[in-house]
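Undergrad: Okay, predicted coordinates and the sequence, questions at the end:
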Amino acid sequence: MKSSYSHIFLFWTLPSISMVEAYKKKCKLLNNAMYSMKSIEITTFQNKILKLKEIGIESGRFYGFESIKGGIKKISLNINDIKNIILL
């Protein structure tokens, strides 16, 4: 009986650890882009590509600034929706 509990616990914690590591990696890349003032390209899990001129942080949330015709649009970034980040 005790062995089955340890298998369940191990099965539950391994994906959680990898998800936390992926989250930290994405946050680190966004921080690097913010401090280096570089443009980035983000691919979401819905295969949408965002080309952002600048990254900012406000109230603990990341925002991206996308240039559109005649102005700049502020986009809230959800870390869990990001598949890939490329620093340009």
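TA: Perfect, thanks for sending it. Numbers count the residues shown, from 1 in each chain.
Undergrad: and stretch 30-46, how far apart are its ends?
TA: The stretch stretch 30-46 measures 19 Å between its terminal residues, going by CA to CA, to the nearest Å.
Undergrad: Quick one: mean pLDDT for it?
TA: For stretch 30-46, mean pLDDT rounds to 90.
Undergrad: cool, and stretch 69-88?
TA: Mean predicted confidence for stretch 69-88 is 90.
Undergrad: list the buried ones in it?
TA: Neighbour counts using 16 or more other CB atoms under 10 Å place 77, 82, 85 of stretch 69-88 among the buried residues. For glycine as for every other residue, the C-beta is placed from the backbone atoms N, C-alpha and C.
Undergrad: correct me, but F45 touches K83?
TA: Yes - taking CB atoms under 8 Å as the definition, F45 is a contact partner of K83 at 5.0 Å.
Undergrad: For M34, which residues are in contact?
TA: With contact set as CB atoms under 8 Å, 6 or more residues apart in numbering, M34 has these partners: 54-57, 62.
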